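Show me how the following folds:
(one chain, ligands or ions: 1)
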Amino acid sequence: MNNAVNLTLGDDGILVALMDLPGRPMNVVNDALMEGVAAAVAKLADPAVKGLILSSAKADFCAGGDLDRMSKWTMPEEPFEASMAMKRVLRQMEQQGKPVVAAVNGHALGGGLELALACHARFAIDDTRLKLGQPEVKLGLLPGGGGTVRLSRLVGIQAALQICGEGADMNPAKAHTLGLLAGLAKDRDELMAQARAWIVANPKAKQPWDLPKFKFPGGDSKSPAMAQLWAIAPSIASVKSQGNYPAVQHIMSSIFEGGLLDFDAASMVESRYFAACVMSQASKNIIHTLWYQLNAIKKGASRPAGPGPSKVKKLGILGAGMMGAGIAYVSAKAGIDVVLLDTTQEAADRGKAYSQGLLDKAVKRGRSTADKRDALLAKITPTTDYALLAGCDLLIEAVFEDRATKADVTRRAEAVLGVDAVFASNTSTLPISGLAQASQRPAQFIGLHFFSPVDKMPLVEIIVGDRTDETTLARGFDYVLQIGKTPIVVNDSRGFYTSRVFGTYVMEGITMLKEGVHPRSIEAAGLQAGMPMPPLALQDEVSLSLGLHVADQTKKDLATEGKAYTEHPGMAVVRQLCEIGRVGKKVGKGFYDWGDDGKVLWPELTRHFPVAPTQPPQQELIDRLMFAQANEAARCYEEKVLRSVADANVGSIFGWGFAPFHGGALQFVNAMGAAAFVKRSRELAAKFGPRFEPAAVVVQLAASGGHFAD
Ligand code: NAD
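Sure thing, here's the model as predicted:
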């Protein structure tokens, strides 16, 4: 008796199988579920049973593969066999002679969609929030339950490449247009009625690929129509993946080779590629960080357990500039009432207009409605009057990056805030404990470091000052989750975690320029390393003058504290360019010339920084860019700026785009092994300077054979 799939035989002879995996919020493909499906299929042998409807008793249809099971596999035979076992059930289901229909009542993703694809027809509830798709590629995997094989035979090779290779989900209407669904229903009753009607009308259903005259829609892999596609698809994919994501290549190979083979041979080829993906270091890294560690963070791993859950009802924001306006938008969107304060009513109104702009665009594109827009806008009150801040449970300061201004607004706001309100600063560079000196209640003072553009960037770096208490941290954490962002928690330090490590990437690239590395090679190395933007272009975006300002400020602060300051060798280049007015994108010139049609490397750059006659191997440049970051992250861990490995990894990917296939800045060290990291770091240090000397914590791990772990 299998309790993962409940069976009910109706008077009409139609068997309804409802997937309902016990003890799980969602259905996932695992042995229990597949045994349940197999048991349902076995019942079709009974002459009294006319057909089968496969649906779900949960809110979703089926959310995908069971990652817990996958992460236990150590030998390629295990994923290969598990994938083939699922396929045997599905093949039996589609070849036994009676109709099977998927009634897709909720999300059908990954293995869930593959289950539905093996049914003779699919119907779904026409709800725009319902997602169908093969997102495996995002975890470094490929659909191993027949997804590449059936999709290319159902909707064509090109569409299959898109669905599996990009991993984006589609709503039912889109899936219907593509030919993936036989029909759309307005609710569950209509869905079941459509499924029943299809079974009655098709008593001897067969899959198109099991008919003798089957042809791939749009042509198989060797058809002339596909030849053009296969000539360019791998290059297009390589531009994005730079060869760092084996799943992208494996998906393409599986679809290409599957398009030359019969169904069963294609299925076996797909399972082999599936096993290769499961075994790849890239998928292990991605799943480790972007699944397990991310989920742990979202469940509150970095939140103090003591204080009870909290919710922000009314939020005050000081400064309605770029950041304040963005924070107002994401908070109002989460249902929070926002008071947006600036020095003039015009500035405050401009801050609110930012939300209006975003919402107007959403309405125009059909992603929102005028009513929803107006309701959201009504939540934001732009003002210059501090009295309106009364009753705010959280206040976020986002005024100019200037200590005196921040101190002034802190005092003025605290005069009207209730005694238990939390005060947060969105400073990007000023240590929180110093800013808290202006506060009457430093225990309730915290850093909430947002990233720009606020509505797009998923991370908020929470900074705990010397005197910040646990309740304040918990409330900051709860607020970040409330607005749908991911919090990481770090201790106070110059540049905190993200800005400090991100800076090493950019500065390393700039240092190469000084040494005579060709700027194109530097930029190519950044992309090959898997970073979203190359270092010189990135410094132009951030602005060279800002980099210089932060460096000078740090130098001044350290002198006051009586501490030594060692300037990064790359800073000399930044200074040199700033002196001739090339301060970055905001003035149209930096390392690049920025025009309306895009950017080109400044032609004079190699005159100022002559290219050396012998150029280093590209891998050395890549290593320098990545080791600089990973080593700095390790130092942050050692100095207890970082409080957890999960925060380090997730923060690096979400904060500044650290190459996701490495699984984050500390996972980079783990995957390579601490001993190998130390060895390569010492080689780089001997050649390029002491900044590459491995952090003591990694040297210890290398000696003990350990790795970074929470
Ligand atoms: P901005 O210049 O766009 O906005 C600052 C706003 O504060 C302006 O509208 C200004 O009128 C207002 N303001 C100045 N003094 C004020 C006062 N006394 N009272 C009320 N309002 C006042 O700057 P921004 O980019 O939004 O940055 C704001 C803060 O966020 C800074 O501390 C910055 O370091 C930090 N930050 C910026 C970024 C970024 O990418 N821009 C990222 C993270 C953090």
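
and the residue in the stretch 1-150 of the chain positioned nearest to the ligand, what is it in contact with?
Of all residues in the stretch 1-150 of the chain, Lys138 sits closest to the ligand, at 26.7 Å by C-beta to the nearest ligand atom. Any C-beta I mention is one placed from the backbone N, CA and C, and that applies to glycine too. Contacts for Lys138 (C-beta atoms under 8 Å, 6 or more residues apart in numbering) come out as Gly167, Ile286, Leu290.

which of those residues has the most neighbours?
Greatest neighbour count in the contacts of Lys138, by other C-beta atoms under 10 Å, goes to Ile286: 24 neighbours.

Skipping adjacent residues, who's closest to that one in space?
Counting by C-beta to C-beta, 6 or more residues apart in numbering, Ile286 lies nearest to Gly140, which is 4.6 Å off, once chain neighbours are set aside.

ok, how many other residues are close to the residue lying closest to Gln440 once chain neighbours are set aside?
Leaving aside its sequence neighbours, Gln440 sits nearest to Glu414 (C-beta to C-beta, 6+ apart; 5.3 Å). Counted with other C-beta under 10 Å, the neighbours of Glu414 add up to 20.

my guess is Glu414 contacts Pro442, does it?
No - the criterion here is C-beta atoms under 8 Å, and Glu414 misses it with Pro442 at 10.9 Å.

Any idea how many residues pack against Asp11?
5.

What residues of stretch 90-108 count as buried?
90-91, 93-94, 98-108 (16 or more other C-beta atoms under 10 Å).

among these, which two are most distant?
Maximum pairwise distance among the buried residues of stretch 90-108 (C-beta to C-beta): 26.9 Å, between Lys98 and His107.

Can you name the residues of the stretch 301-450 of the chain that neighbour the ligand?
Contact residues (C-beta under 6 Å from any ligand atom) of the stretch 301-450 of the chain with the ligand: 318-324, 341-343, 347, 398-401, 405, 408-409, 426-428, 449-450.

can you count the residues close to the residue in the chain that the ligand sits nearest to?
In the chain, the residue that lies nearest the ligand is Gly321 (1.7 Å; C-beta to the nearest ligand atom). For Gly321, the count of nearby residues is 15 (other C-beta under 10 Å).

ok, now the one 3 residues further on?
Burial measure for Gly324: 27 neighbouring residues, criterion other C-beta under 10 Å.

and it, what element?
Under the criterion of DSSP states H and E, Gly324 resides in helix 322-333.

What of Pro616?
Counting by DSSP H and E, Pro616 is part of no helix or strand.

List the contacts of it.
Going by C-beta under 8 Å, 6+ apart, Pro616 touches Val517.

tell me the pLDDT at Arg494?
Arg494 is assigned 87 on the pLDDT scale.

On the three-state scheme, it is what?
coil (DSSP: H, G, I helix; E, B strand; the rest coil).

go on, Gly316?
Three-state assignment for Gly316 (three-state DSSP): strand.

State the number of residues packed around it.
27.

Same question for Gly218.
Residues near Gly218, counting by other C-beta under 10 Å: 16.

so it makes contact with Ser152?
No - applying C-beta under 8 Å, one finds Gly218 not in contact with Ser152, separated by 9.1 Å.

give me the element Lys87 is part of.
Here Lys87 is assigned to helix 77-95, by DSSP H and E.

which stretches of the stretch 201-350 of the chain form helices?
Taking DSSP state H, counting those that start in this stretch, the helices of the stretch 201-350 of the chain run over residues 224-241, 246-258, 263-279, 281-287, 294-298, 322-333, 345-364.

a markdown table for those helices, including distance to Ala85?
Output for those, formatted as a markdown table (distance: least, C-beta to C-beta, whole Å):
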| stretch | distance to Ala85 |
| --- | --- |
| helix 224-241 | 30 |
| helix 246-258 | 18 |
| helix 263-279 | 10 |
| helix 281-287 | 20 |
| helix 294-298 | 27 |
| helix 322-333 | 44 |
| helix 345-364 | 45 |
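
Out of the ones you listed, which is closest to Phe688?
It is, among the helices of the stretch 201-350 of the chain and with distance given as C-beta to C-beta, helix 281-287, at 25.9 Å.

for that closest one, which positions count as buried?
Judged by neighbour count (16+ other C-beta under 10 Å), helix 281-287 contains these buried residues: Ala282, Ser283, Lys284, Asn285, Ile286, Ile287.

Look at the first one and report its pLDDT.
It refers to Ala282. At Ala282, pLDDT is 97.

Next one: it from Pro660, what distance?
9 Å (C-beta to C-beta, to the nearest Å).

can you list the residues that contact the host helix or strand of Phe668?
Take DSSP H and E as the rule and Phe668 turns out to sit in helix 665-672. Outside of helix 665-672, the residues within contact range by C-beta under 8 Å, 6+ apart are 281, 284-285, 288-289, 501, 626, 629-630, 632-634, 637, 645, 648-649, 652, 658, 662-663, 677, 680, 698, 701, 707-708.

rerun at 7 Å
281, 285, 288-289, 501, 626, 629-630, 633-634, 637, 645, 648-649, 652, 658, 662-663, 677, 698, 707-708 (C-beta atoms under 7 Å, 6 or more residues apart in numbering).

from those residues, which would you call buried?
285, 288-289, 501, 626, 629-630, 633-634, 637, 645, 648-649, 652, 658, 662-663, 677, 698, 707-708.

Show me which residues of this protein sit near the ligand.
Residues of the chain lying near the ligand (C-beta under 6 Å from any ligand atom): 318-324, 341-343, 347, 398-401, 405, 408-409, 426-428, 449-450, 452.

now those: which count as buried?
Counted by 16+ other C-beta under 10 Å, the residues of the chain next to the ligand give 318-320, 323-324, 341-342, 347, 398-399, 401, 409, 426-428, 449-450 as buried.

Mark which of these are part of strands, please.
Counting by DSSP state E, the part of these found in strands is Leu318, Leu341, His449, Phe450.

coming back round to it: so which other helices or strands are in contact with the helix holding Gly324?
strand 314-318, strand 337-341, helix 345-364, strand 445-450 (3 or more C-beta pairs under 7 Å, 6 or more residues apart in numbering; DSSP states H and E).
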